[in-house]
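Chemist: Need coordinates for the following:
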Amino acid sequence: MIETERLILRKPRPLDRPALHAMWADPLVMADLGPVKDEAASDAAIARHDGYRHEGLGFLSVERKSDWAVIGFCGLKRGDPPNPIAGEIEAGWMIAQPYWRQGYALEAMTAVFGWAWASFDMPRIVAITSARNLRSQAMMVRLGMARLADGDFEHHAFAADDPLRHMVTYSITRP
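Modeler: Alright, predicted model coming up:
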């Protein structure tokens, strides 16, 4: 568990499922991330992140302290093969649309990065997003990340004609 001024970041609980399912089913949230998910795909995403927990990784539910609302999902995982960041520590975040532009993603990920530097011995943390996802790229910059000149790639999970296929990579080195 990671705690900030306004948030608690913790392993997902069964009671989080409706809020997480709603977030992944929202076309606005998923517009630059991938196809919307049904309940089965959402549950599979939660289970996939549970698979990273044996090494202390996996995304966390983002819970707002003021009302205990689950407002997002964020954290660290291993980069997936065959992507160029395979095996590296990869950061990611999603915040439900009603909670956008309130600083929650920055607050959560700043805390995750602080926890990661204290908990793991790795030279950097990376993050990827579609080239068109300018909001996520701006967030990466606010987190102190820089775009890697050699970090662009075509993501295997998207069709050749999908505009989300072209990815960019950002990284931050250990302070």
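Chemist: I figured residue 23 hits residue 29, correct?
Modeler: Yes - at 5.5 Å, residue 23 counts as touching residue 29 under the criterion of Cβ atoms under 8 Å. Where you see a C-beta, it was placed from the backbone N, CA and C, and this is true even at glycine.
Chemist: Show me the strands in the chain, by range?
Modeler: With strands called from DSSP state E, the chain shows them at 2-3, 7-10, 58-64, 70-78, 89-95, 124-130, 146-147, 153-154, 166-173.
Chemist: could you dump those strands to CSV with distance to residue 102?
Modeler: Formatted as CSV, these follow (distance: least, Cβ to Cβ, whole Å):
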stretch, distance to residue 102
strand 2-3, 18
strand 7-10, 11
strand 58-64, 9
strand 70-78, 9
strand 89-95, 8
strand 124-130, 20
strand 146-147, 25
strand 153-154, 32
strand 166-173, 22
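Chemist: Stretch 88-99 - what's its average pLDDT?
Modeler: Average pLDDT, stretch 88-99: 97.
Chemist: how far off strand 58-64 does the longest helix that the chain contains point, in degrees?
Modeler: The helix that spans the most residues within the chain, counting by DSSP state H, is helix 104-119. Per axes from the mean of the first three to the mean of the last three Cα atoms, to 10 degrees, the angle that helix 104-119 makes with strand 58-64 is 130 degrees.
Chemist: Contacts for helix 104-119, please.
Modeler: With contact meaning Cβ atoms under 8 Å, 6 or more residues apart in numbering, helix 104-119 is reached by 2-7, 9, 56, 60, 62, 64, 71-72, 74-76, 89, 91, 93, 95, 122, 125, 139, 142-143, 172, 174-175.
Chemist: returning to what we had before: need the strands of the chain in a markdown table with distance to residue 105 and mean neighbour count, can you?
Modeler: Formatted as a markdown table, those follow (distance: least, Cβ to Cβ, whole Å; neighbours: other Cβ atoms under 10 Å):
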| stretch | distance to residue 105 | mean neighbour count |
| --- | --- | --- |
| strand 2-3 | 14 | 14 |
| strand 7-10 | 10 | 19 |
| strand 58-64 | 8 | 23 |
| strand 70-78 | 7 | 23 |
| strand 89-95 | 5 | 21 |
| strand 124-130 | 12 | 21 |
| strand 146-147 | 18 | 12 |
| strand 153-154 | 24 | 14 |
| strand 166-173 | 14 | 19 |
